[in-house]
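A.B. asks: for reference, the sequence and a predicted model appear below.
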Amino acid sequence: MERKSRIHFLSLTLWFLLLDVVFAVVAILALRKRRQAFLKAYEEVAKPISAQRPGTDLHMWDSIALELNSTFAKDESWHSAVCLWDGADCDECFRSLIYLPFKRDDLSDVVAKNVKNSILVYEDSIKEQWSCNVESKTSYDAARTEILPKDVYRSKLTWRMANIMKKVGHWSYALYFVVALCLYSVSFWTLYIYAFLMVGVIIGSAIPSRTNLLDIHVTLQFLEIVANQKPGEGSATWDTIAKAMNNNVQSCVISPFFKAGFFFDEHDCRQIFGTTVTTILSCKKSNFPELAPLANWCKAVS
């Protein structure tokens, strides 16, 4: 009986692994096809960007996504009416498939020549956007009344664990418990191995590098706040910046990772700022070269 249970469990495990492989292959093929469609239509991609000057405005990117979806459907380069899900998806495709390869000299000469003007327009629209936001002198008085995680948690360790627990959620715990009970009938060793792997998966997925999670929108917000506040050496100003960013992050896509706060205190905020600016200004490693002028400005006032 025990042997049959083990064989049954092994067969189920193999089936799940096979399904995972199939889904992974399908996803890779779909992404590859979309990449080919996007690069094939690079001239059509460049036109609305030059005309609309979207910057990081996702509403403008939504309209560009609709236009490109129509283009892909007409030339049958995509199998359905929806290739780009929304403006954020369109923005990400443009940056990852055209903008960043252009900045890194990875595009062919023909493609680079045809998209150069749209690249310059895109960068100029980004600069116009942050210049306007910095000059607006936004008030962060409301943020000053907030509290930082340092005032709630005893240490950075307990704060990080709080972020993990808030991300995992009670339903995940219930699922792990039910599966563990099912595996209990197979063997103690299987249960131990499963528990060890689950802990590793939870921690690994819950504590990715914060700088890696910052997309262009969150990074731009961060730099704009710093440029607006001109913190210099004052810890009180960095305290305000940390509080303002903690509030902003709660409305971003990365909020599930940081329910207990993105920055622990003002020193943590300043350290992440330094890392972010250094990465942006790095010619080879920069994922946000369009933010280099703003990063230089922030570096000068901090």
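C.D. replies: Arrived safely, thanks for sending.

A.B. asks: helices and strands of this structure: which one has the lowest mean pLDDT?
C.D. replies: Every helix and strand of the chain was ranked by mean pLDDT, DSSP states H and E. The lowest is helix 170-184, at a mean of 53.

A.B. asks: now the helices for the stretch 51-200 of the chain?
C.D. replies: Counting by DSSP state H, counting those that start in this stretch, the stretch 51-200 of the chain has these helices, from start to end: 58-74, 87-94, 100-103, 109-135, 141-144, 156-168, 170-184, 188-206.

A.B. asks: for the stretch 201-302 of the chain, that is, sorry about that
C.D. replies: 210-213, 216-229, 235-249, 266-280, 292-301.

A.B. asks: quick check: which of the ones you listed is nearest to Y153?
C.D. replies: helix 266-280 (12.1 Å; CB to CB). To be clear about C-beta, it is placed using only N, CA and C from the backbone, and glycine gets the same treatment.

A.B. asks: how far away from the center of its chain is that closest one?
C.D. replies: Chain-centre distance of helix 266-280: 17 Å, with CA atoms, centre = their mean, to the nearest Å.

A.B. asks: coming back round to it: quick one: which of the helices of the stretch 201-302 of the chain is nearest R95?
C.D. replies: Per CB to CB, nearest to R95 of the helices of the stretch 201-302 of the chain: helix 216-229, 7.1 Å.

A.B. asks: can you tell me the closest non-neighbouring residue to F94?
C.D. replies: Spatially, and ignoring its direct neighbours in sequence, F94 is nearest to V45 (6.5 Å; CB to CB, 6 or more residues apart in numbering).

A.B. asks: identify the residues contacting the one you found.
C.D. replies: Contact partners of V45, counting by CB atoms under 8 Å, 6 or more residues apart in numbering, are F38, L68, F94, I98, V115, S118.

A.B. asks: give the burial count for the nearest residue to W78 once chain neighbours are set aside, as a bare number.
C.D. replies: In space, and not counting its chain neighbours, W78 is closest to F72: 4.1 Å by CB to CB, 6+ apart. Neighbours of F72 under the rule other CB atoms under 10 Å: 23.

A.B. asks: isn't F72 up against C83?
C.D. replies: Yes: with contacts counted by CB atoms under 8 Å, F72 reaches C83, the gap being 4.6 Å.
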